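[1] Quick one, structure for this:
(one chain, ligands or ions: 1)
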Amino acid sequence: MPDILKSPAFVISGQDLGESDRLITFYTMAGGKMRSIAKGAKRSRRRFVNALEPFTMLNLSLALPRTTGLNRIDSTEILDNFPQLRLKFECYIMASLCCELVNLWTKEDDPQKNLFKLLRWYFGSLNDGFHPKKTTLFFKILLLTLAGYAPDFDQCLLCKKPPMGDHVVFKLHAGGFVCSGCRKAGEKTHKIGLGTLKSLRYIQKGPLDNLHRLTMTDAVLEEAWSLMKSLHCHHLERVPASYKVLAGLGTE
Ligand SMILES: [Zn+2]
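    Residues are numbered from 1 along each chain as shown. From the prediction side, this is the model:
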């Protein structure tokens, strides 16, 4: 008998594998990101009764290989499939972006309970009808923090003072900002208003239960969104494919 790992898990991606199988990537509470073969899942969708659709939270049982090779899905039990999230195309694409980011940011067998908790909060929030773009912005800020690349929104990189005036200039490579007193003339990249900086600081400090209380104007949301997109793309050294789908929707 193979060793069995049982854990709550989220489906974060899936692709066909050969004639009849699928290769599913999960984020599990016990083992972090794990890839598994779903035997027969391509030939018969009934085999796993929708349990392997993206974003589904399930109780997962995996048969681990004795030596090398991939895990095999032994059984699944759906805990929540977040039905409301699936009805709105914008929510679906935003959730796909977050799954893509989790896939890019994480390694296999490196469990982070806080990331599991963040995913549950995120899918639950979209399902409960919270603003998809705002909720996704919160997710992206907290994911970057969990990945160890938390930007410093508190003090100027050079003079170490809190920001003054009406805007700062954010430096992607340094993960922080330069205040209006320290910036050189002509530096225009990622000009961030102080209101946006304040919102970013609030989100970064959490906790999750407080985030939906934050009110943001559309201008602040767009400025923060653009900065977080640039930060993720800068650190990952690529533009995740879901951003192109969002651009097509006109929500980018
Ligand atoms: Zn300064």
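
[2] Ile12: helix or strand, and which one exactly?
    The secondary structure element spanning Ile12 is strand 3-17 (assigned by DSSP states H and E).

[3] same check, this time on Met216
    Secondary structure (DSSP H and E) places Met216 outside all helices and strands.

[4] wait, isn't it in contact with Ser199?
    Yes: shown here, Met216 and Ser199 form a contact pair, counting by CB atoms under 8 Å, at 5.6 Å. Yep, even glycine has a C-beta here, placed from its N, CA and C like the rest.

[5] hang on, the earlier thing: tell me which strands the strand holding Ile12 pairs with, and in which orientation.
    The sheet places strand 3-17 alongside strand 21-28 (antiparallel), strand 57-64 (antiparallel), with pairing taken from DSSP bridges.

[6] Just the strands from this protein, written as ranges.
    3-17, 21-28, 32-38, 57-64, 71-80, 167-171, 176-178, 191-193 (DSSP state E).

[7] what ranges do the helices span in this protein?
    For the chain, the helices defined by DSSP state H cover 83-87, 89-105, 113-127, 132-146, 194-205, 208-211, 218-236, 241-249.

[8] Could you name the stretch from those helices that's closest to Gly32?
    Of all the helices of the chain, it is helix 113-127 that lies closest to Gly32, at 7.7 Å by CB to CB.

[9] And the closest one, how far out from the chain middle?
    Using CA atoms, centre = their mean, to the nearest Å, the mean C-alpha position of helix 113-127 is found 9 Å from that of the whole chain.

[10] which outside residues touch that helix?
    8, 10, 27-29, 32, 55, 57, 80, 82-85, 91, 94-95, 98, 102, 106, 132, 135-136, 138-139, 142-143, 146, 208, 212 (CB atoms under 8 Å, 6 or more residues apart in numbering).
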